[in-house]
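> Quick one, structure for this:
(one chain, ligands or ions: 1)
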Amino acid sequence: MTVWDDVVGQEHAVAALQGAVANPVAMTHAWLVTGPPGSGRSVAARAFAAALQCPQGGCGTCQACTTTMAGTHPDVTLLATEKVVITIDEVRGLIMTASRSPSGGRWRVIIIEDADRMAERTTNVLLKTIEEPPPHTVWVLCAPSVQDVLPTIRSRCRAVVLRVPPPQAVADLLVRRDGADPAVALSAARAAQSHVGLAKRLARDAGARERRTAVLSIARRIRGVGDAVVAAGELVDVAKAEAVSATQERDAAEKAELMRGLGVADGETLPPRLRSQLKQLEDDQKRRATRHQRDVLDRAMVDLLSLYRDVLVVQLGAEVDLVNAELAETVRSLAADSTPEQTVRRMDSIGVARTRLAGNVAPLLALEAMTIALRPQG
Ligand SMILES: [Zn+2]
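Numbers count the residues shown, from 1 in each chain. You can find the predicted model right below:
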């Protein structure tokens, strides 16, 4: 076992990072790890941090490795944000931390999980530190692609590019690490299109598999405009419910912690002068729930896209595996009932809906336009 075990299907990137750990000449103080969502950017960043702290370069079992992987190593700081933007104060805090020598580890490592969520002004604050960091400080920035970070940052970092791992590699991980059933794991990895986190959820959670199947079933259920409007409403409701169930518990815990921090006992009313702090937290939580709901909807649309992609594969007679192998019958019947041109138009309408949703159009509006475009057309 080593710290690299969970970085699946990324032999090339792992070799580059391992090389830097083993050879001080290959070491750089600023790294940019990029890869599509679910490719394991933060897992790779954390493994790299562990390998840097470990006397054996990432054995996976010593204290340096286990504490880094658990997120408790005192010299490894990770900034993960659920918010839409990383604030300038957060970055200033990291710069302060970065300026201190490691307390006992070999390096001080600072990981920013969503470096693409920094405004230009915030990025500029970071530039100087990245350019001339203290001798034992390493910055690891993660982003979906190099284009997502400003050129000024990009040019000062060494890039490590992750790819979409093969489904079989993801399935093997789920079997080995989580004890998933091999067949369920492979089908989950395919359905998640190798997004490791989603594949794990699909393999583990029958409810998530059912929700996905329900989303895909709308492709066959929509016969006319009426069905389309109903289907759009259902999609929005499912996303809302999922966002609530994912955030509820955490919201309550955060609120309780804030109240304790303010010295307010359970059930006691908050004095007026402290109310703005609670309001701030509630606003943050609301933003987080909205973002989560949009993420869930986007995922549903990616699922639908994968189904029409399968339809197109069948229509064009291409020799590639179906993403939705278990829905082969639905795929074949949709393929028989439409032309490749129609399939492409449907895929376009899903793409448009995703763009509109990302641009803050009301979800129901964006989805109705999409589902109406999915209905069978002469
Ligand atoms: Zn170790």
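> So which residues on the stretch 51-200 of the chain come close to the ion?
The interface of the stretch 51-200 of the chain toward the ion, taken as CB under 5 Å from the ion, is made up of Cys54, Cys59, Cys62, Cys65. Glycine gets a C-beta too; all of them are placed from N, C-alpha and C.
> so how far is stretch 248-259 off the chain centroid?
The chain centroid and the centroid of stretch 248-259 are separated by 23 Å under CA atoms, centre = their mean, to the nearest Å.
> So which residues make contact with it?
Contact partners of stretch 248-259, identified using CB atoms under 8 Å, 6 or more residues apart in numbering, comprise Asp266, Leu270, Gln277, Leu278, Leu281, Glu282, Gln285, Ala289.
> need the residues you listed in JSON lines with distance to Leu316, neighbour count and secondary structure, can you?
Formatted as JSON lines, these follow (distance: CB to CB, whole Å; neighbours: other CB atoms under 10 Å; DSSP: H, G, I helix; E, B strand; the rest coil):
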{"residue": "Asp266", "distance to Leu316": "63", "neighbour count": "7", "secondary structure": "coil"}
{"residue": "Leu270", "distance to Leu316": "62", "neighbour count": "14", "secondary structure": "coil"}
{"residue": "Gln277", "distance to Leu316": "58", "neighbour count": "14", "secondary structure": "helix"}
{"residue": "Leu278", "distance to Leu316": "56", "neighbour count": "15", "secondary structure": "helix"}
{"residue": "Leu281", "distance to Leu316": "52", "neighbour count": "16", "secondary structure": "helix"}
{"residue": "Glu282", "distance to Leu316": "51", "neighbour count": "14", "secondary structure": "helix"}
{"residue": "Gln285", "distance to Leu316": "46", "neighbour count": "18", "secondary structure": "helix"}
{"residue": "Ala289", "distance to Leu316": "41", "neighbour count": "18", "secondary structure": "helix"}
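> follow-up on the earlier one: just the residues of the stretch 51-200 of the chain next to the ion: which are in helices?
Among these, the ones falling in helices (DSSP state H) are Cys65.
> which ones among the residues of the stretch 51-200 of the chain next to the ion are found in strands?
Cross-referencing those against strands under DSSP state E gives no overlap.
> Which one of the residues of the stretch 51-200 of the chain next to the ion sits in the busiest neighbourhood?
Scoring those on neighbours with other CB atoms under 10 Å, the highest-scoring entry is Cys65 at 25 neighbours.
> Wait, it touches Ala49, no?
No: with contact defined as CB atoms under 8 Å, Cys65 does not count as touching Ala49 (9.7 Å).
> what's the pLDDT at the residue in the stretch 251-378 of the chain positioned nearest to the ion?
The nearest approach of the stretch 251-378 of the chain to the ion comes at Ala253, 32.0 Å away (CB to the ion). As summarised for this prediction, Ala253 has a pLDDT of 84.
> cool, and Ser145?
Checking the pLDDT column for Ser145, the value is 91.
> what's the answer for Glu326, then?
86.
> how close does it get to Ala300?
Distance check for Glu326 against Ala300: by CB to CB, to the nearest Å, it reads 18 Å.
> got it, and Asp284?
Distance of Asp284 to Ala300, computed by CB to CB: 25 Å.
> And these two? Which one has more around it.
A count of neighbours by other CB under 10 Å puts Ala300 above the other of Asp284 and Ala300, at 23 against 14.
> Just give the nearest non-adjacent residue to the more buried one, would you?
Closest residue in space to Ala300, ignoring its immediate chain neighbours: Val215 at 4.6 Å, by CB to CB, 6 or more residues apart in numbering.
> can I get the CA coordinates of the host helix or strand of the one you found in PDB?
When secondary structure is defined using DSSP states H and E, the element that contains Val215 is helix 206-221. Written as PDB, here are the backbone C-alpha positions of helix 206-221 (Å, rounded to 0.1, in the frame of the first residue of the first chain):
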ATOM      1  CA  ALA A 206     -29.100   2.000  -4.400                       C
ATOM      2  CA  GLY A 207     -31.200   5.200  -4.000                       C
ATOM      3  CA  ALA A 208     -28.700   7.100  -6.100                       C
ATOM      4  CA  ARG A 209     -28.900   4.400  -8.800                       C
ATOM      5  CA  GLU A 210     -32.700   4.600  -8.800                       C
ATOM      6  CA  ARG A 211     -32.600   8.400  -9.100                       C
ATOM      7  CA  ARG A 212     -30.300   8.100 -12.100                       C
ATOM      8  CA  THR A 213     -32.600   5.600 -13.700                       C
ATOM      9  CA  ALA A 214     -35.500   7.900 -13.100                       C
ATOM     10  CA  VAL A 215     -33.700  10.800 -14.800                       C
ATOM     11  CA  LEU A 216     -32.900   8.600 -17.800                       C
ATOM     12  CA  SER A 217     -36.500   7.300 -18.000                       C
ATOM     13  CA  ILE A 218     -37.700  10.700 -19.000                       C
ATOM     14  CA  ALA A 219     -36.100  10.300 -22.400                       C
ATOM     15  CA  ARG A 220     -38.700   7.600 -23.100                       C
ATOM     16  CA  ARG A 221     -41.600   9.100 -21.200                       C
END
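> and the angle for whichever helix or strand comes after that helix with helix 206-221?
If you walk from helix 206-221 toward the C-terminus, the next helix or strand you reach (DSSP H and E) is helix 225-261. What separates the directions of helix 225-261 and helix 206-221 is an angle of 150 degrees, with axes from the mean of the first three to the mean of the last three CA atoms, to 10 degrees.
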